[in-house]
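Novice: just coords:
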């Protein structure tokens, strides 16, 4: 396939923090000649009909790989979409949040869950991409945007997005080479993410890990506020607290990056225009 | 059209800071029964072919209104897309950045520019949504995401996104009522944006205005770094400075919101599930 | 017992964040004429022998009430101490951390745990008082002190210490009145704590709640770092991350208090010299 | 005495910022096999009777060394306690605040004061451990705890606690060796403290010194507010200002430590389980 | 003198923090029609010859009032200048730092110092305007400027400059009225300054007071670093610490102002173009 | 002229941010034996008469070089002063703000402006020294001082003042050597300033550049607020926003310096007492 443009279809069903920029991760300067990316969405909703329509559009694009992103990938909408894509024999990788684990694991003979996905499918489970505080008294378009800005900051500064980038770069290379393809099957724990973060300063790494652990614990607070607590006085405080936690996590992530700036060791991994993954640490250096 | 679901097609050509969350602004809790939103993208690129493909998909969706978002809407890709949409007789509103002014204005008899868009078309020009520091030594997927997180924070906290929300809510209502439709034709200046911000505290308003003025001036720094300066030592510092300015703008926007929190006067304008625009200031209140 | 000095024995076995200042909570200005407080400790350690010695000294003091504080109150040392105190027929209230739940609850007929403590005993379980990052590569006396300073800030600013103060004030009054005594049996959840925090500003309340939720999640990180992970490279990052989370929680707690300062509504509940609990909000007011 | 456990009795009479964690400084991870520490307190009060009782309990423990901590060690309560300990022929080291100088110095032949303590006695005078703002309108248990959290942060981050740790480690070793014992007689000036702070970055050292100088000047403000000014309007502002100064000092101390983190040079001096004092700078290193 | 322009000569001998902007305080928008201000300086130096030259220029201007500002006004240079001005029968007010007290006070019959200045002379002693860290290893033009920026922020935000402004406005009015003139004789304590600060929020007042107390204590640290300590290693840390304290004081002063912003109660006291002193609190109000 | 004292007359006409400390830049510790500096001012105003008077005083001092500083040096007052100085055959260097460009440039044959100043004259144009928010509802002496404190911080931390210092040191040396003198003709762009800033850390350089770019854009906001907008509601917000931008710029400048502190590479360029320009980076080093 070398010399030929690789077509990546990004299928966004509903929205999590990883969704808004996912289709831009691999062509961050819009200058790659070897890659074409198109996104297709179901809007904010996850209903099967909406998912089906977006999936149909995505298949129509005839992509070499589909990258699906959604909340809770175990729900009927995303689940059926994966089947449809499988039927079309297009490899698919799903990015989803904590509750999606049950979509990709089954109970093993012992107590440990076992990966359970069809061949040609992969996934990234992001427990650090927590549910938003979706209560009408609290969430309006402005608050929704701010929460996503905080989640994006955490996913970016700590290494989560680079982990996804690295794996996608690898899978696309393997698909282009038409050899064996090792689809990613990763629960993106804080511990794994900060390795991709590439921190030189150990305190930056600790702060990034802290940011992700806080993000993970946001999910419990917002979902209690959205689904469990029914007294408005109480659930408003809960969802507001969840967003304050997310803001604190973003600040920790920012501190981590500022620490790396102070010793001029921010890892950068841009793509070349021909799609090679480059790498550099000192700001003044050329990426190689 | 009452009782019938309104279909909004969001056409994302390339990316600016307003793009990532634009299709979620009107259905922030994914519970509106009167509205269906789908997004269609050209990926990171703006080439006419990519734009045409996404536009075709959008038209296939048969929307009641198209909301297009792109950098520099005067470029051939977005321009042709607008023509295609116009030919299909679907109303279209464009959201774009500072350089797009020339797409919507022509020289008047005197020196002042005059709005020049076809009937059924509207626009939001956002000079506060500045170009990213698109230099390979600096911009990788992580840095790209962080810049967008900062821009989103500024657009949200200051009132820019609410201004867009307000106008879209109005236009959709007018389209549903099948009466006269007054398409928005707005250069979203900082001064206009902070009115939509709905600040109670005058210093919060001043800080929000400051955030937007800084954002506007980022554009000049990053575009110099990307297009004018050719010495890597110099352009790296320029684009890095542009992103530091954006981070400072985000902090100002955050300060503005924190000030409003301190007197419990954060304006929130959620949608009801039937699409009414609600409004509230005190966190404990019900939106009405 | 009116006119007579009430004797409170504070029995500190090992150390949690609530320990260092617990014996000072009821006589913050050292001027109460109706109350005498003495503390007895087992040092840093929790061994049964050390606990027994400290308990014997406490009993020798012949207190009207014993307030015991320790990590994991279900361990043999604290457990035996409680029995010894019970045998001496002195009422006892235990303050302990999350793992202590099993000391005070048993499985109920259904799945819910049921309180299981002898008459004349009470408890406060503080899941927000997390384990320290007790790894030799990381924890020295300086780091130990800083972690405790952060925990104290969270317990104080959010309302946890006031909740304890309120209950102790009440129990002491009931004991003095020689009537029925309702011993506290409280899992101090973030939700309960912020009620005692007495916040006027709802965002201050949300930030306080956020601080406590983060504190709770520290426990999981530090205990993994101390007990589960055996690779030094990994556990050092974990315990360091736990302390960074605690520092972030302290900052959230501080933000909450600063918000209350901005509207001059910081709740203060000093004791009068005769032991009455006073109350005030505006800084310039007299407590009443 | 090798192989035998050294018994350290910590006698807390009233409270200063150095008190709450003093008994934990030498066994920060509760795993020392060569050391046993017990604390005995007089509660918040300093009355001679309360001091005598706690002193008696401490002697009963038959310690190898007594570490006494109190405000103003020249007052009758602490003074008598020292005599009692001396009579019992147990070495004693006192930790106290600025006003305690007169307990340990007498006028010399010239104008300079001369150390004046019995053999077998030592002291640390901490002018940087200032009086709390003990006015009923201001100080409640919450505010008391927050002030102590700030003082602890300053004492820890700047090197004061390490200076005490170092000296105690040395004295205990000398006592165990049954040779000459050089009891510490130290006014812990900011200049001496920051040497123990072990800063690699000179600006971190300067910030730590600044934190301590601010702490020292708090004492003058709070004691004026407590003892001199009788107009409530005025003394409330004074004691509140004292606590704001302490909060600023804590922030300076925190800045100092963050600077050291940025170059990965935070000094850590943990104890081994056999009581050796270890030392390390890089977070990833083993202490040696 | 009404209708006639009042001539104010500002005589700057050397420099303290109050010097740089002193001549602009009374005509902040450069639009007063009733006032003319000229400044005359001796440069950075305080030598008698330099002072004499500047004083002669000032007298040549034939002002109605001379406002002199210098470090240590008791030194020969400023002292002789005051005599020269007195001989010329021009009223003079001196603004100086802490060491200048001895220029304006003598020992009284009891121990309290007594004001001792000629008729027609007044003074402001500013102990909160501390000596700079004037060591060559530390102080260059950049550091000098930054220190002054911090001092200016403290003097402005806390009320010191408004106290001076108020008194000068009053004295000028009295001089114009040709009646009795009550020359200011003020040691500008923190307590007095914050009254002029006009704070509505009591915590803002406490933070301002704290800023000034810290400023006062800087003097002791920098003068020790400049005059007492001769070991470069030590005095560099001292003067650097003094500047860090000043930076912390500036931050406290900034916090005080931000608190007032949050409740829209920043006091502003502009001059009208005819020299009336106006007053306002809410940002949106007209000054009256 | 060696061995002889060089006389520098500083002529301050009105005020910009560079004015207040300009006469102290070359003798920061007041110990230079080879240099005498005197300042002469027109007060806050720029009227020709006031300028003429100050200029006359300055000439009377018979300086070897005049350094003039004023807003908009193209206005009649400063312009005439320059002519007067030229007539007196004294070399003069002007420091002024952005609008002063037209004083020093004329249109060239092509479109580019061409330097147009008499021999023996030089200039520094500082577009980063923006107009203050001179509206009576907003600007009082306190606010005026705070704005200047922020401007001074930016000019100092970023390298602007060092650029001026460097050039003045050079010109004075050339004048003393009585050889060719190359008068500075510099528009102090952010890009030039940060070179003089001497940053070791590239992110510090970027933050400094960002601070200056924000400062430059303040001018547009405040001048719109002062001259264009006539509705008080609107211009108050504009000038307040301008000052918030300046505060944000100061914070960026401060961040830049703190980054350099973290790696102990703050450039310092003190003068020796004989006027040599020294240079050092590590705080502990001697300047050489």
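Specialist: Happy to help now that I have it. None of the values given here were measured: they were computed from a predicted structure.
Novice: CA atoms for contacts and neighbours, from now on please.
Specialist: Noted.
Novice: excluding chain neighbours, what is closest to whichever residue of the stretch 151-288 of chain A sits closest to chain B?
Specialist: Nearest to chain B in the stretch 151-288 of chain A, going by Cα to the nearest Cα, is residue A:270, at a distance of 4.1 Å. Once flanking residues are discounted, residue A:270 sits nearest to residue B:140: 4.1 Å by Cα to Cα, 6 or more residues apart in numbering or on different chains.
Novice: can you get me a residue count around the residue in chain A that chain D sits nearest to?
Specialist: Closest approach of chain A to chain D (Cα to the nearest Cα) occurs at residue A:259, with a separation of 5.5 Å. Around residue A:259 there are 27 other residues, counting by other Cα atoms under 10 Å in any protein chain shown.
Novice: same thing with residue A:107?
Specialist: Residue A:107 has 12 neighbours, counted by other Cα under 10 Å.
Novice: ok, it to residue A:101 distance?
Specialist: Distance of residue A:107 to residue A:101, given as Cα to Cα, to the nearest Å: 11 Å.
Novice: any low-confidence regions in chain A?
Specialist: For chain A, the stretches with pLDDT under 70 are A:1-3.
Novice: give me every residue in it lying close to chain D.
Specialist: A:201, A:202, A:203, A:259, A:260, A:262, A:263 (Cα under 8 Å from any Cα of the partner chain).
Novice: A strand includes residue A:103, no?
Specialist: No - under DSSP: H, G, I helix; E, B strand; the rest coil, residue A:103 sits outside any strand and is assigned helix.
Novice: in contact with it, which residues?
Specialist: A:73, A:74, A:79 (Cα atoms under 8 Å, 6 or more residues apart in numbering or on different chains).
Novice: rebuild those residues as TSV, extending it with distance to residue F:173.
Specialist: Shown next, in TSV, are the contacts of residue A:103 (distance: Cα to Cα, whole Å):
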residue	distance to residue F:173
A:73	74
A:74	77
A:79	79
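Novice: what is the nearest of these to residue E:17?
Specialist: Residue E:17 lies nearest to residue A:73 out of those, by Cα to Cα, at 63.4 Å.
Novice: what sits against the closest one?
Specialist: A:79, A:94, A:96, A:97, A:99, A:100, A:103.
Novice: doesn't it lie inside a strand?
Specialist: No - judged by three-state DSSP, residue A:73 forms no part of a strand; its state is coil.
Novice: these two touch, right, the residue nearest to residue A:270 and residue A:28?
Specialist: Yes - counting by Cα atoms under 8 Å, residue B:140 does reach residue A:28; the two are 6.3 Å apart.
Novice: overlap of the contact sets of the two?
Specialist: Residues within reach of residue B:140 and of residue A:28 at once, by Cα under 8 Å, 6+ apart, are A:270, A:271.
Novice: any idea what residue A:69 is bridged to?
Specialist: Residues in a beta bridge with residue A:69, per DSSP bridges, are residue A:12, residue A:95.
Novice: my read: it touches residue A:9, true?
Specialist: No - with contacts counted by Cα under 8 Å, residue A:69 stays clear of residue A:9, the gap being 11.0 Å.
Novice: looks like residue A:71 contacts residue A:100 (just checking).
Specialist: Yes - contact status for residue A:71 versus residue A:100: in contact at 7.3 Å, counting by Cα under 8 Å.
Novice: ok, the two, which is more surrounded?
Specialist: Between residue A:71 and residue A:100, counted using other Cα under 10 Å, the more crowded position is residue A:71 (26 against 22).
Novice: residues contacting that one?
Specialist: A:13, A:14, A:15, A:16, A:96, A:97, A:99, A:100.
Novice: still on that earlier bit, so which of the residues of chain A next to chain D is the most crowded?
Specialist: Scoring these on neighbours with other Cα under 10 Å, the highest-scoring entry is residue A:259 at 27 neighbours.
Novice: count residues in the vicinity of residue A:118, would you?
Specialist: Residue A:118 has 13 nearby residues by other Cα under 10 Å.
Novice: sec struct for it, please.
Specialist: With three-state DSSP as the basis, residue A:118 sits in coil.
Novice: from residue A:264, how far off is the residue nearest to residue A:162 when sequence neighbours are not counted?
Specialist: Once flanking residues are discounted, residue A:162 sits nearest to residue A:196: 6.0 Å by Cα to Cα, 6+ apart. Separation of residue A:196 from residue A:264 (Cα to Cα): 18 Å.
Novice: about what we covered before: next helix or strand past the strand or helix carrying the residue nearest to residue A:162?
Specialist: Element membership of residue A:196, judged by DSSP states H and E, is helix A:190-197. Note on helix A:190-197: by DSSP H and E, the next helix or strand toward the C-terminus is helix A:202-223.
Novice: do that next one and chain C meet?
Specialist: Yes - using Cα under 8 Å from any Cα, helix A:202-223 reaches chain C at A:202-203, A:205-211, A:213-214, A:217, A:221.
Novice: show me what that helix is packed against.
Specialist: helix A:141-158, helix A:190-197, helix A:232-262, helix C:202-223, helix C:232-262 (3 or more Cα pairs under 8 Å, 6 or more residues apart in numbering or on different chains; DSSP states H and E).
Novice: possible to save those as a markdown table with distance to residue A:129?
Specialist: Output for these, formatted as a markdown table (distance: least, Cα to Cα, whole Å):
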| stretch | distance to residue A:129 |
| --- | --- |
| helix A:141-158 | 7 |
| helix A:190-197 | 11 |
| helix A:232-262 | 10 |
| helix C:202-223 | 16 |
| helix C:232-262 | 18 |
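Novice: centre of the chain to stretch A:204-223, how far?
Specialist: Distance of stretch A:204-223 from its chain centroid, counting by Cα atoms, centre = their mean, to the nearest Å, is 15 Å.
Novice: kindly apply the preceding question to stretch A:66-83 instead.
Specialist: That offset, for stretch A:66-83, works out to 13 Å (Cα atoms, centre = their mean).
Novice: now stretch A:232-245: buried residues?
Specialist: The neighbour-count check on stretch A:232-245 (16 or more other Cα atoms under 10 Å in any protein chain shown) flags A:235, A:236, A:237, A:238, A:239, A:240, A:241, A:242, A:243, A:244, A:245 as buried.
Novice: got the contact list for it?
Specialist: Residues outside stretch A:232-245 that contact it (Cα under 8 Å, 6+ apart) are A:132-135, A:137-138, A:147, A:214-215, A:218-219, A:221-222, A:224-226, A:229, B:283-284, C:202-203, C:205-211, C:214.
Novice: number of nearby residues for residue A:110?
Specialist: By other Cα under 10 Å, the residues close to residue A:110 number 7.
Novice: and it, that's in a strand?
Specialist: No - read with three-state DSSP, residue A:110 is coil and lies in no strand.
Novice: how about the contacts made by it?
Specialist: By Cα under 8 Å, 6+ apart, no residues touch residue A:110.
Novice: the closest residue to residue A:78 other than its chain neighbours: what's it in contact with?
Specialist: Nearest residue to residue A:78 in three dimensions, chain neighbours excluded: residue A:51, at 6.7 Å (Cα to Cα, 6+ apart). Residue A:51 is in contact with A:13, A:41, A:42, A:77, A:78, A:81, counting by Cα under 8 Å, 6+ apart.
Novice: do I have it right that the second one meets residue A:52?
Specialist: The one in question is residue A:41. No - checked against Cα under 8 Å, the pair residue A:41 and residue A:52 is beyond contact range at 10.1 Å.
Novice: these two: which is more packed in?
Specialist: For residue A:41 and residue A:52, the more surrounded residue by other Cα under 10 Å is residue A:41, and the numbers stand at 30 against 20.
Novice: can you tell me the closest non-neighbouring residue to the closest residue to chain F within chain A?
Specialist: Distance from chain F to each residue of chain A (Cα to the nearest Cα) is smallest for residue A:262, at 5.5 Å. Excluding the flanking residues, the one nearest residue A:262 by Cα to Cα, 6+ apart is residue F:259, at 5.5 Å.
Novice: I'd say residue A:157 and residue A:255 touch.
Specialist: No - contact criterion Cα under 8 Å: residue A:157 and residue A:255 do not qualify, at 9.3 Å.
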